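**Student:** Predicted model and sequence below, questions to follow.
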Amino acid sequence: MAATTYVRGGGSCKSRRPACRGALGVRGRTPTEACEDASRIARESGRLGRMFGAIVQAVMLPFRGLSVAFHLIGRLASLLLGFLLMIGGAALLAGPLALLGVPLFLFGVFLTLRALG
């Protein structure tokens, strides 16, 4: 069995595609015909790759939408919790529990800022 050689340029084959030694190549084809077949196969595989990518994008679209929705719900919940902690910390700051109100207020501020940015 003959080893496969690669054409680097020249002829009708401009990239690295298999070619055969001798006047006739695989299945009685000349190396030029073999290169044309390789070009056709490469074009078809490129089309199949793009089609497969489009199918994957279409299938994954609902899951991506759910992911965005859950992310948004999580951010809004974090924002609400941070705001409530800020209110509770401010209320404790006004009363006799200022030592507990300061960290609670600061934690609420940081949580709110994290949810916004």
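**Tutor:** Yep, that arrived. Residues are numbered from 1 along each chain as shown.
**Student:** Look up which helix or strand residue 41 falls in, please.
**Tutor:** Assessed by DSSP states H and E, residue 41 sits inside helix 31-94.
**Student:** which secondary structure elements does that helix contact?
**Tutor:** strand 17-19, helix 98-116 (3 or more C-beta pairs under 8 Å, 6 or more residues apart in numbering; DSSP states H and E). Every residue, glycine included, has its C-beta placed from N, CA and C.
**Student:** most tightly surrounded among these?
**Tutor:** strand 17-19 (a mean of 18; mean count of other C-beta atoms under 10 Å).
**Student:** quick one: average confidence on that one?
**Tutor:** The pLDDT scores in strand 17-19 average 49.
**Student:** contact partners of stretch 66-78?
**Tutor:** Residues outside stretch 66-78 that contact it (C-beta atoms under 8 Å, 6 or more residues apart in numbering): 111, 112, 114, 115.
**Student:** Tell me which two in those residues are the farthest apart.
**Tutor:** 112 and 114 (7.3 Å; C-beta to C-beta).
**Student:** what touches both of those two?
**Tutor:** Residues touching both residue 112 and residue 114 (C-beta under 8 Å, 6+ apart) are 78, 82.
**Student:** Spit out the contact partners of the nearest residue to residue 84 once chain neighbours are set aside.
**Tutor:** Closest residue to residue 84 apart from its sequence neighbours, by C-beta to C-beta, 6 or more residues apart in numbering: residue 108 at 7.2 Å. Counting by C-beta under 8 Å, 6+ apart, residue 108 makes contact with 81, 82, 83, 84, 85, 86, 87, 88, 89.
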